[in-house]
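**Student:** Predicted structure and sequence below. I'll ask about it afterward.
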Amino acid sequence: MKCFACDNRLRRNVRRRRKGFVLLLTLVLLAIVALLSVGIARRSLSMAEQAVSAEEDLQRRWAVLSCQRSVLLRAERIFQRRDELADQEKATARNVYRIAAKVQLGKMTLLLILADENAKVNLNVLAQQGAGEVLTFLRKLSAEAGFRVCLHPDLRKADAKTLAAFDSWGQVFALDEMRDADAPKNLAALTNELTCWGGGQLNVRRASDRAIERVCQKEVSPIVVKRLLEVRAAGAKTPLAAMLGQLSATEKDQSRLQELVTDKSQCYSLWGVTSPTKNGSAWLCIAPSDSEPVFSFLW
């Protein structure tokens, strides 16, 4: 009987141990399932974020392509229509060189800035007057925007009159230091009347008085420049040759003005700032008149 009782106690102990082992195994399995669930949830969240980012990137790319074809490639016609409306309204400020508009594409808002690059002060023209002239001009502009001037001209092209020493804002400003989300907008505002493109000649019909004075002040007599602005204001549709003929300028000043100014434009730019977006918030496209973009920049 004693041995039988011991055997019963042994069996009960074995059962308890088995129950404890099963409970422990169940807890371990539950912990593993919980960890797997957390991992799956994180993976699902990551995939969802990637999907949203990919959708946003696709929308942005589609917006860039759409704007290039619907706006940038029709830039000259858009500006001509704007000039006609200004004449009909007898507007005092006919020299419109940039047009800004907001466009809504789904959940994305685009700020578009279409500009005539031939109506801006060309940095490569200033570079011909000397590096000191360029630095003085740029530092005065950039001080207000908080951008650091960091000139890196293409030295291989600097001595060639037909080729540009600057063809990107990365050669002018320290863009890698621009961490602020508003940096692209500030850069667009900073280069409002400044360009690296356009061939160098200034469109006398659309450029501002300040741009004309800046380009011509050290090349032509100040009296002639003042007279040019008066003639332009008096007759917006006067052909350039007739306009220059009314200046009573010397042959030297006439010749130099013909090199500096024009009444046609051959290059346009389109700034695009998208919101909301996590990356690629701004882009800049440069294109000759009615041609595919030759430069594209993305921030």
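**Tutor:** All right, it came through fine.
**Student:** Surely residue 55 is in a helix?
**Tutor:** Yes: following the definition DSSP: H, G, I helix; E, B strand; the rest coil, residue 55 is counted among the residues of a helix.
**Student:** now residue 196, nearest residue through space, not along the chain?
**Tutor:** Taking C-beta to C-beta, 6 or more residues apart in numbering as the measure, residue 196 lies nearest to residue 166, with 4.4 Å between them; neighbours along the chain are not counted. Bear in mind the C-beta positions are built from the backbone N, C-alpha and C, glycine included.
**Student:** Test my guess that that neighbour contacts residue 172.
**Tutor:** Yes: counting by C-beta atoms under 8 Å, a contact exists between residue 166 and residue 172, whose distance comes to 6.1 Å.
**Student:** Need the residues touching each of these two.
**Tutor:** For the pair residue 166 and residue 172, residues contacting each of them under the criterion C-beta atoms under 8 Å, 6 or more residues apart in numbering are 123, 196.
**Student:** if we can go back for a sec, any idea how far residue 99 is from the residue nearest to residue 196?
**Tutor:** Look at residue 166 and residue 99: by C-beta to C-beta, to the nearest Å, they are 25 Å apart.
**Student:** Compare the two (neighbour count), which wins?
**Tutor:** Taking neighbours as other C-beta atoms under 10 Å, residue 166 and residue 99 compare with residue 166 leading, 23 against 15.
**Student:** Now do the SS call for the more buried one.
**Tutor:** Three-state call for residue 166 (three-state DSSP): coil.
**Student:** so who does it touch?
**Tutor:** By C-beta under 8 Å, 6+ apart, the contact list for residue 166 reads 123, 124, 127, 153, 154, 172, 196.
**Student:** at 7 Å instead, please
**Tutor:** When contacts are counted by C-beta atoms under 7 Å, 6 or more residues apart in numbering, residue 166 touches 123, 124, 127, 153, 172, 196.
**Student:** Residue 232 and residue 204 touch, don't they?
**Tutor:** Yes: if you go by C-beta atoms under 7 Å, residue 232 and residue 204 touch, sitting 6.2 Å apart.
**Student:** who has more neighbours, those two?
**Tutor:** When neighbours are counted by other C-beta under 10 Å, residue 232 and residue 204 differ, and residue 204 comes out ahead with 26 against 20.
**Student:** I'd assumed residue 264 was in contact with that one.
**Tutor:** No: counting by C-beta under 7 Å, residue 204 stays clear of residue 264, with 10.0 Å between them.
**Student:** Quick check: phi and psi at the closest residue to residue 284 other than its chain neighbours.
**Tutor:** Of all residues beyond its chain neighbours, the one nearest residue 284 is residue 297 (4.4 Å), with distances taken as C-beta to C-beta, 6+ apart. Torsion angles at residue 297 (phi, psi; degrees, to the nearest 10) stand at phi -130, psi 140.
**Student:** next one: residue 192
**Tutor:** Residue 192 has phi and psi values of phi -50, psi -40 when expressed as degrees, to the nearest 10.
**Student:** Look up the closest residue to it, ignoring the ones flanking it.
**Tutor:** In space, and not counting its chain neighbours, residue 192 is closest to residue 98: 7.0 Å by C-beta to C-beta, 6+ apart.
**Student:** correct me, but the one you found touches residue 113?
**Tutor:** Yes: using C-beta under 7 Å, residue 98 is in contact with residue 113, at 6.0 Å.
**Student:** Stretch 254-264: which residues count as buried?
**Tutor:** Residues 256, 257, 260, 261, 262, 263 are the ones in stretch 254-264 that count as buried (16 or more other C-beta atoms under 10 Å).
**Student:** Show me which of those residues is closest to residue 118.
**Tutor:** Closest approach between the buried residues of stretch 254-264 and residue 118, by C-beta to C-beta: residue 262, at 6.9 Å.
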